[in-house]
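K.L.:
here's my sequence, what's the structure:
(3 chains)
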Amino acid sequence: MTSIITRRRMTFGAAAASALPLLGRGAQAQAPLGVGFVYVGPIGDHGYTWTHDQGRLALEKEYGAKIKTSFIENVAEGPDAARAIRQLAQAGNQLIFATSFGFMNPTIQVAKQFPKIKFEHATGYQRAENVATYNARFYEGRAVIGTIAGHMSKSGQAGYVASFPIPEVVMGINAFHLAARKVNPNFKTKVIWASTWYDPAKEADAAKALIDQGADMITQHTDSAAPLQAAEQRGVFAFGQASDMSAFAPKAHLTAIVDDWSGYYIKRVKEVMDGTWKTGDVWGGLKEGMVRMAPFNPAMTPAARAAAEELVKGITAGTLHPFTGELKDQKGEVRVKAGETASDEILSKMDWYVDGVQA
Amino acid sequence: MLEWRRRREPSTLMLGLSPLIAIGLTMLIGMLVFTAMGYDGFHAVRDIFLTPFLEPQRWPDLGVKAAPLVMIALGLAIGFRANVWNIGAEGQYVMGAIAGTGVALATHGMSGWWILPAMALGGIVGGMAWAAMPALLRVKLQVSEILTSLMLTYVAVQVLYFLVRGPWKDPEGFNFPQTRMFTADQTLPIVIPESLVHLGIPLALVIAVIAWLLMEKTTAGYAVKVVGLAPAAARHGGFNADTVTWATLLASGGLAGLAGLFEAAGPFGQLTPQFPTGYGFTAIIVAFLGRLNPIGIVFGGIVLAATYVGGEIAQTTVRLPQAATGMFQALLLFMLLATDVLVRFRIGWRGRTA
Amino acid sequence: MTSAILVSILMTLVAASTPILLAALGELVVEKSGVLNLGVEGMMLCGAVAGFAVAFSTGSTGLGLVAAAIAGIATAMVFAVLTLSLTANQVATGLALTIFGVGASSLIGAGFVGKTITRLGPVFPESLSGHPWLRAVFGHDIVVYLSLALVFGVGFFLRRTRAGLILRAVGENDASAHAIGYPVIAIRYGAIAFGGALAGLGGAYFSLALTPMWADRLTAGRGWIALALVVFAAWKPGRLLLGAYLFGAVMTLELQAKAAGVTWLAPELLATAPYLATIAVLTMMSLGRKTGRLDAPACLGKPFSAS
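P.N.:
Numbering: from 1, shown residues only, chains lettered A, B, ... in the order given. Now for the predicted structure:
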């Protein structure tokens, strides 16, 4: 059992003071720039944490001896996170990436004590002078696979193995379903809440149950490649999560939504080196390269391929938005008016489903 | 030929010495194994076992990590002495936090000095209630408390999940599964200004001293030990084993529940699905590390806290994987359990009488 | 619902139940000998990683299964030496064994993350294993049949053989068994080794059959469920089979119900069912007993030393 948020009404004055000599040392021109990462899972999860670590490795490749990266993995969200982030700050890192939502309050807290160190928090909404936030528009990728599913599905039913109904997951389900519906107005998306981010056997069984109930497209918002393996075994199609998972299911894997943090990490490190780093909120998608599509499987029909490529092009150019009105929720209430697109605020608080989603 | 001989009396020298031997052996074996695996074994061991003690800025971290472990282990040790095997402290810890949080949510918007004590009371009652079930089943029906307390741990964790995703979800929390943040009056105060040291840490120490006095200086403590060592003799002496079972389970449940509330009202400041971190299980290790002695448990808790804090240091300095920290903890316990034999046995030559 | 779906659900159910059945069956024998090993999850993980590593390196899932059993035994031996030879506390040692297994499997498995192997396939030829409904009987892999055979094997051993009788005697009253001249420690070593082998196989069923890959903590807590199951089954192999399949059925049918759009009880509350059911079974067993004591081996969890 692993372990979000801390709110200590205290300061870390003593800790900050003792770290000052280290800071001074790190600031010297010839010393490598320390870049620290805090991970919520093990780097061996081949899922979410693994993609962030790929970003870290890309940094090392890009900057070589000019930087020194370090990471602390498997950090429980809560008091342990504050300790891990502080530990990286005290060790002389000048840029620290906290890569899980649950690290938000600890990051803000520690950042107050280390005003000279830059912090980056993934998927959160609290910022400060020295705390920036970043996230990826995974829903753009979800729209692409939804389009493909709409074209490729014979039964007109997709199975969605989901973790928990938080806004990130809900917007993904809606984006997928809206795109599939554009192709096939009768498309159905069935969601199973696995109530876990990671339990390979359960994820696989959820996928099998969805296939038994008529789904011939499997997609997921959980971490392991198990649903793909189940799809491969049952001879239906599926989509990879977070990274190219075609090795696990060469026939079933049509494409994957690839999280690519390397471009953002390389850019931000450069800005710290140049002294141009500023706080902010980056929410990058296909255009920025933070979300990519894995190579399309040759099994894909020409129509599906063409539609997917067109959508990628449109989203990248900014002419298409997956959440373009009119959008109604399941009670029939209009959530996004005709001709308008959903604001980022609507997306980041999304807790309603569009018509035709069975969640 | 060498053989083990049971000592007539457990060796007090070995009782104190064996944990040190165990720590020494763990460091040595750990160093060899991780060097063989291609890591910098020497620095790994140094960072895990020494650095947390040598750098004063780590001390508050040690305290924050050790306090809940020590509190839970104190309660468990009392039960273990009486041969009552509560291994469901994790569930009682979670249930204590749930009950205390219930008080916090009910008093949301109120203020007053009485709120925190009421939450603490809720924590104790929650933990006790969760321990009362195994107690009842054992006393009335002779059902093993090992199994029932373990089963109830999973139930407690699922109840937590249900509450934070359902009725107790923060209305302003973007639909994230977590409760509201506690207010200032619902949060443990910081006792040393400008530090992390919250009230729960000195209280853990006070409780350790009370537990020691209770176990060593009172008839009740004596009763617990007699029931554990010689149930038959205890009956003759007029000690009621059922009463001892009830008392030790309620004490360990209550302490685990209070530790859970302190963690919720201290470092967490709310309840989240990530709240259960396995402290209830780790505390079993702490109890054994401390030789089931309250003062020993304080040291045991600090040593184990150091392996967590030091494990993170070793990750950044020598890239030792986090999994290796678990290996060190397991190795430490293996060594401790292995050297425990020195307390009860001595090595002698076969053929000679003791 | 068509018969094809029923067969498919049955296949999923059997596959989900098998690893828990194996691990629990091993633990049952261990507990019958009077030893409580709480390190099942740790042994399963060590079996899972060893099975995958060997299967990946040699290309043989069969060798993988053998390696998993050996790895399970090796892990169990750490427990055996500490608790039997050094009379260490079983609860603490078992917990430490799980911490050890999680760590060791992660370290060993680091190089195998993201690798794939061929899934452990059905035993019978395609004509049977691929048949639309005969596959419900003939479509399983070797481990499924092995687990069923082992249930009967263990049941026969415990009830009908002299060796089984001795093992139970050791678990019921180690002091008397020792006085009669049975090698209590050696018998318990054997039981713990058997438990380790089955836990290892159960773990490998994840990495070789269910989800043929390695990732950290692949078994996701099934070892603890296996422990609960032994109690649920009142230490009887037949009931264990029933319990494991019942558990697999609840897991599978819950997912099927969700996929069919049936709104069910809150999933969190449903998840408490196996544990509450176990406590209920324990309680009913105690209420209904006539002999004055439980079916639980009397010496369960207590250390034994000959001197």
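
K.L.:
from here on, contacts and neighbour counts on C-alpha atoms
P.N.:
OK.

K.L.:
all the helices of the stretch 51-200 of chain B, residue numbers only.
P.N.:
Under the criterion DSSP state H, counting those that start in this stretch, the stretch 51-200 of chain B contains helices at B:51-54, B:59-81, B:89-106, B:115-141, B:145-165, B:200-217.

K.L.:
and those: which comes nearest residue C:151?
P.N.:
Of all the helices of the stretch 51-200 of chain B, helix B:145-165 sits nearest to residue C:151, with 22.7 Å by C-alpha to C-alpha.

K.L.:
which other helices and strands contact that closest one?
P.N.:
Here helix B:145-165 touches helix B:89-106, helix B:115-141, helix C:222-232, helix C:267-271, helix C:273-288, going by 3 or more C-alpha pairs under 8 Å, 6 or more residues apart in numbering or on different chains; DSSP states H and E.

K.L.:
and chain A, which of the ones you listed is closest to it?
P.N.:
Chain A lies closest to helix C:267-271 among these, at 7.7 Å (C-alpha to the nearest C-alpha).

K.L.:
which one of the helices and strands packed on helix B:145-165 is the most hemmed in?
P.N.:
Greatest average neighbour count among the helices and strands packed on helix B:145-165 goes to helix B:89-106 (a mean of 29), per mean count of other C-alpha atoms under 10 Å in any protein chain shown.

K.L.:
for chain C, what lies in contact range of chain A?
P.N.:
C:5, C:8-9, C:12, C:16, C:106, C:110, C:113-116, C:206, C:210-212, C:215-216, C:218-220, C:252, C:255-256, C:258-261, C:267 (C-alpha under 8 Å from any C-alpha of the partner chain).

K.L.:
please redo it, this time with the cut-off set to 6 Å
P.N.:
Residues of chain C lying close to chain A by C-alpha under 6 Å from any C-alpha of the partner chain are C:5, C:211, C:215, C:220, C:255, C:256, C:258, C:259.

K.L.:
list only buried entries from these.
P.N.:
Taking 16 or more other C-alpha atoms under 10 Å in any protein chain shown as the criterion, what is buried in the residues of chain C next to chain A is C:211, C:215, C:220, C:255, C:256, C:258, C:259.

K.L.:
specify the local secondary structure of the nearest residue to residue C:249 once chain neighbours are set aside.
P.N.:
Distances taken as C-alpha to C-alpha, 6 or more residues apart in numbering or on different chains put residue C:13 closest to residue C:249, at 5.5 Å, once the chain neighbours are dropped. Under DSSP: H, G, I helix; E, B strand; the rest coil, the three-state class of residue C:13 is helix.

K.L.:
and the pLDDT for residue C:13?
P.N.:
On the pLDDT scale, residue C:13 is placed at 94.

K.L.:
ok, now residue C:254?
P.N.:
pLDDT, residue C:254: 84.

K.L.:
next, residue B:316: secondary structure please.
P.N.:
Classification of residue B:316 using three-state DSSP returns helix.

K.L.:
mind pulling up the pLDDT for it?
P.N.:
Residue B:316 is assigned 91 on the pLDDT scale.

K.L.:
how far away is residue A:128 from chain C?
P.N.:
Separation of residue A:128 from chain C (C-alpha to the nearest C-alpha, to the nearest Å): 35 Å.

K.L.:
one more: residue B:205?
P.N.:
Residue B:205 sits 24 Å away from chain C, going by C-alpha to the nearest C-alpha.

K.L.:
how much space between that residue and residue B:282?
P.N.:
Distance, residue B:205 to residue B:282, using C-alpha to C-alpha, to the nearest Å: 18 Å.
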